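1. Based on what follows, work out the 3D shape:
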Amino acid sequence: MPMPPKPIEMISELIARPSISSTSVQWNQPNLGVIELLHSWLEGLGFSCEVMQVPGEPGKANLIATLGQGPGGLVLSGHTDTVPCDPELWKSDPFKVVERDQKLYGLGTCDMKGFLALAVEAAKTYKDTPLKAPLIILATADEESSMSGAKALVDAGRPKARVAVIGEPTGLKPIRMHKGMMMEAVRIEGQSGHSSDPSLGANALEAMHSVMGELLTIRQELQANYRNSSFKIDVPTMNFGCIHGGDNPNRICGQCEMEFDLRPLPGMSMDGLRNMISERLHPIEAKHRVELNVRSLFPGIPPFEQSETEFVSVVEKLTGHKAQAVAFGTEAPFLQQMGMETLVLGPGSINQAHQPDEYLALDQLAPTLDLLHNLINRYCVEGC
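-> So this is what the prediction gives:
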């Protein structure tokens, strides 16, 4: 098998294979092109590769590539998908890497195909090195939409290792905590009728007014009862994102739906929050003579916290940064469910992610490779 090309060439080839994931059918794409490319490179380095199809998701797959055998070891993990983009807002083609101002521009350069390429580059050094514990490079599907790839891994119970690094763009600062993310919808079915006689119907918009008031009360209670000073915004947040209802000013509103997101702190249960919200909103049905349904728009991302273990101390020493907390969600809680100590740590900035003209600065490449070599030496070559 041929050896993988140089890092910038690898990044360019990965970016050139579109792999958008989205809840909207018109945007959603397979990720197999990226998986096949990584598969060929890693197999060429002597990795044992397993392509895991994601159940119920045609054209979507994870890649588990393993060098070495035995318990313990290190997982270097990255998602293969990107968010959708509008090419008209870019200065260059988002699917072609362009270098300017000492930056690599392209969709997924920092979030996070760049990290996957650098993980492969770091692995080249160990092609013929005896390892006391395995090095596993993990590439996942659909992190940007459903987390179906990470959930498939949890269901399968693999991979297994001692520690894991997820290379999301953190400016090479370790992250050991993040909030969860829930996206919920409340739908109210009332009864339409002529607005001149309110008794002819049941106004879904008025019922939704009560729902919003109760949710604001719940938000206030949650923020009074839960706080974590590690986060810049140290309380759980709730945002009312969109609302749709009714069709005419002189008609009693028969239907209304609102969508909101809730960001719980570590230690808060998503199932507990959903049950509490449903119980608190249920009495509104009888009061307004409507039918009320609360549903989840997707299963959600659990909040994540990695305790301050020796692994965290090692990474803090290697990076020169104390482990931090962030508000955005990752696959970390899913890898943690499989028994791995997990940190989020990678090149680039989250400020560039999900934006036109996304880029990865060239000065991030060498420090990332140096960090990965140190981690592989410690947890795979030495088997600590």
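
2. centroid residue for the protein?
-> The centroid of the chain falls nearest to Thr330 when counting by C-alpha atoms, centre = their mean (3.5 Å).

3. and the gap between the residue nearest to Gly383 when sequence neighbours are not counted and Met338?
-> Setting aside the residues directly before and after it, Gly383 is nearest to Lys132 in space (C-beta to C-beta, 6 or more residues apart in numbering), at 2.9 Å. (Each C-beta comes from the backbone N, C-alpha and C, glycine too.) Using C-beta to C-beta, to the nearest Å, one obtains 21 Å as the distance from Lys132 to Met338.

4. Please apply the same query to Asn239.
-> When distances are taken as C-beta to C-beta, Asn239 and Met338 turn out to be 31 Å apart.

5. Those two: who's more crowded?
-> Residue environment comparison for Asn239 versus Met338 gives the larger neighbour count to Met338, 18 against 11, counting by other C-beta atoms under 10 Å.

6. got the residue ranges for the helices in the chain?
-> Along the chain, the segments classed as helices by DSSP state H run 7-15, 32-44, 114-124, 148-156, 204-225, 270-281, 283-288, 310-319, 332-337, 365-376.

7. and Val25, which of those is closest to it?
-> helix 148-156 (14.9 Å; C-beta to C-beta).

8. Could you pull out the buried residues of the closest one?
-> Residues of helix 148-156 classed as buried by neighbour count (16 or more other C-beta atoms under 10 Å): Ser148, Gly149, Ala150, Lys151, Ala152, Leu153, Val154.

9. Equivalent analysis for stretch 60-79, please.
-> 60-68, 72-79.

10. For that stretch, the averaged confidence score.
-> With pLDDT averaged residue by residue, stretch 60-79 scores 97.

11. Between its first and last residues, what's the separation in it?
-> One end of stretch 60-79 sits 12 Å from the other (C-alpha to C-alpha, to the nearest Å).

12. repeat for stretch 339-353
-> 29 Å.

13. buried set for that stretch?
-> Of the residues in stretch 339-353, 340-350, 352-353 count as buried by neighbour count, 16+ other C-beta under 10 Å.

14. And for stretch 307-316?
-> Residues Phe311, Val312, Val314, Val315, Glu316 are the ones in stretch 307-316 that count as buried (16+ other C-beta under 10 Å).

15. Could I get the average pLDDT for it?
-> For stretch 307-316, the mean pLDDT works out to 98.

16. same question, stretch 241-258
-> Mean pLDDT, taken over the full extent of stretch 241-258, equals 96.

17. Pop the domain breakdown of this protein in here.
-> Using automatic domain parsing, the domain parsing of the chain gives 7-178+302-381, 182-296.

18. Of those, flag the one that's most buried.
-> Neighbour counts averaged per stretch over the domains of the chain are highest for domain 7-178+302-381, at a mean of 20; criterion: mean count of other C-beta atoms under 10 Å.

19. So what would you say the end-to-end distance of that one is?
-> In terms of C-alpha to C-alpha, the two terminal residues of domain 7-178+302-381 are separated by 23 Å.

20. coming back round to it: tabulate the helices of the chain (JSON lines), appending distance to Asn248.
-> Formatted as JSON lines, the helices of the chain follow (distance: least, C-beta to C-beta, whole Å):
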{"stretch": "helix 7-15", "distance to Asn248": "48"}
{"stretch": "helix 32-44", "distance to Asn248": "48"}
{"stretch": "helix 114-124", "distance to Asn248": "51"}
{"stretch": "helix 148-156", "distance to Asn248": "40"}
{"stretch": "helix 204-225", "distance to Asn248": "12"}
{"stretch": "helix 270-281", "distance to Asn248": "27"}
{"stretch": "helix 283-288", "distance to Asn248": "20"}
{"stretch": "helix 310-319", "distance to Asn248": "58"}
{"stretch": "helix 332-337", "distance to Asn248": "45"}
{"stretch": "helix 365-376", "distance to Asn248": "58"}
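
21. can you tell me which of the ones you listed comes nearest to Gly56?
-> In this view, these are compared for proximity to Gly56 by C-beta to C-beta, and helix 148-156 is the closest at 7.5 Å.

22. And for that closest one, what's in contact with it?
-> The set of residues that contact helix 148-156 without belonging to it, under C-beta atoms under 8 Å, 6 or more residues apart in numbering, is 52, 54-57, 60-62, 79, 138, 140-143, 159, 299, 331, 334-335, 337-338.

23. again, only this time at 7 Å
-> Surrounding helix 148-156, the residues in contact under the criterion C-beta atoms under 7 Å, 6 or more residues apart in numbering are 52, 54-55, 57, 60, 62, 140-143, 331, 334, 337-338.

24. Quick one: distance of that helix to the chain centre.
-> On the basis of C-alpha atoms, centre = their mean, to the nearest Å, the separation between the geometric centre of helix 148-156 and that of its chain is 13 Å.

25. For the nearest residue to Ser296 once chain neighbours are set aside, report the pLDDT, please.
-> Closest residue to Ser296 apart from its sequence neighbours, by C-beta to C-beta, 6+ apart: Glu184 at 5.7 Å. At Glu184, the model reports a pLDDT of 97.

26. Once you drop chain neighbours, what's closest to Asp86?
-> Nearest-residue entry for Asp86: Pro356, 7.1 Å, with adjacent residues in sequence omitted and distances by C-beta to C-beta, 6+ apart.

27. Surely the one you found is in contact with Trp90?
-> Yes. The criterion here is C-beta atoms under 7 Å, and Pro356 meets it with Trp90 at 5.1 Å.

28. that older thread, for the residue nearest to Ser296, give me its contacts.
-> When contacts are counted by C-beta under 7 Å, 6+ apart, Glu184 is found next to Phe260, Leu262, Val294, Ser296, Leu297.

29. One more pass at 10 Å, please.
-> The neighbourhood of Glu184, defined by C-beta atoms under 10 Å, 6 or more residues apart in numbering, consists of 215, 238, 241, 258-262, 273-274, 277-278, 294-298, 300.

30. One more: Gly46?
-> When contacts are counted by C-beta under 10 Å, 6+ apart, Gly46 touches Met1, Ala65, Leu67, Gly68, Ala123, Tyr126, Lys127, Asp128.
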